[in-house]
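Colleague: turn this into a structure:
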Amino acid sequence: MKEWHWAGSLYGTLIVERSPPLNTSTTTATAAANREQKTSVMSRTKKDCLAFALSLQEGCRYVKAILVGQAKKLKARNEKEVMAAELQAQKWQVEAADEAENAKERIYKSM
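Modeller: Below is the predicted model of the structure:
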């Protein structure tokens with residue numbers, strides 16, 4: 001609660017506002033809560049950035065699998081090699097997605 005004091009002066013009346021002394025236990029608890037909130041925001045931001053980086057990495061691996069698969073198909077001499085190249089490209093795409101998903105799960109569990 002704020003206290004109001006009237007102070008007279010040579011030129012008129014002056015109103016002065018004075019707050020009661022701060023309760024240090026309350027401010028300490030508030031400061032601790034603010035630190036926790038900042039930490040949780042930082043932690044969440046860090047998680048989101050790591051997840052984004054993993055998504056980019058997954059995308060790069062996926063594109064690499066497609067390009068290498070296409071190159072192998074073009075170099076194939078017969079139908080058997082074409083099918084093997086297609087299967088290998090699909091396998092790499094699935095592995096890229098699985099690795100990214102597992103890494104994201106580890107990040108969210110650890111933080």
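Colleague: and the longest helix seen in the chain, average pLDDT?
Modeller: Of all the segments assigned as helix in the chain under DSSP state H, the longest by residue count is helix 24-75. Here helix 24-75 scores 83 as its mean pLDDT.
Colleague: need the next SSE after it, C-terminal direction.
Modeller: On the C-terminal side of helix 24-75, the nearest following helix or strand under DSSP states H and E is helix 79-110.
Colleague: pretty sure Ala65 sits against Leu87.
Modeller: No: here Ala65 does not reach Leu87: they are 11.5 Å apart, not a contact under CB atoms under 8 Å. Just so you know, the C-beta spots here come from the backbone N, C-alpha and C atoms, and that holds for glycine as well.
Colleague: for the two, indicate the residue with more neighbours.
Modeller: For Ala65 versus Leu87, neighbours defined as other CB atoms under 10 Å are more numerous around Ala65 (20 against 11).
Colleague: which residues are in contact with Val63?
Modeller: Val63 is in contact with no residue at all, counting by CB atoms under 8 Å, 6 or more residues apart in numbering.
Colleague: repeat that for 10 Å
Modeller: The neighbours of Val63, taking CB atoms under 10 Å, 6 or more residues apart in numbering as the test, are Gln93, Ala96.
Colleague: do the same with Glu81
Modeller: For Glu81, the contacting residues are Lys72, Lys73, Lys75, taking CB under 10 Å, 6+ apart as the criterion.
Colleague: count residues in the vicinity of Lys47, would you?
Modeller: If we define neighbours as other CB under 10 Å, then Lys47 has 15 of them.
Colleague: Gln88 now?
Modeller: Using other CB under 10 Å, the number of residues around Gln88 comes to 15.
Colleague: what does the one 3 residues further on give?
Modeller: Lys91 has 12 neighbours, counted by other CB under 10 Å.
Colleague: correct me, but it touches Arg61?
Modeller: No: when contacts are counted by CB atoms under 10 Å, Lys91 is not listed as touching Arg61 (11.9 Å).
Colleague: isn't Leu67 right up against Ala89?
Modeller: Yes: Leu67 is in contact with Ala89 according to CB under 10 Å; the separation is 8.9 Å.
Colleague: neighbour count for the two, which is higher?
Modeller: Taking Leu67 and Ala89 together and counting by other CB under 10 Å, Ala89 has the greater number of neighbours (21 against 11).
Colleague: good, we can wrap up now.
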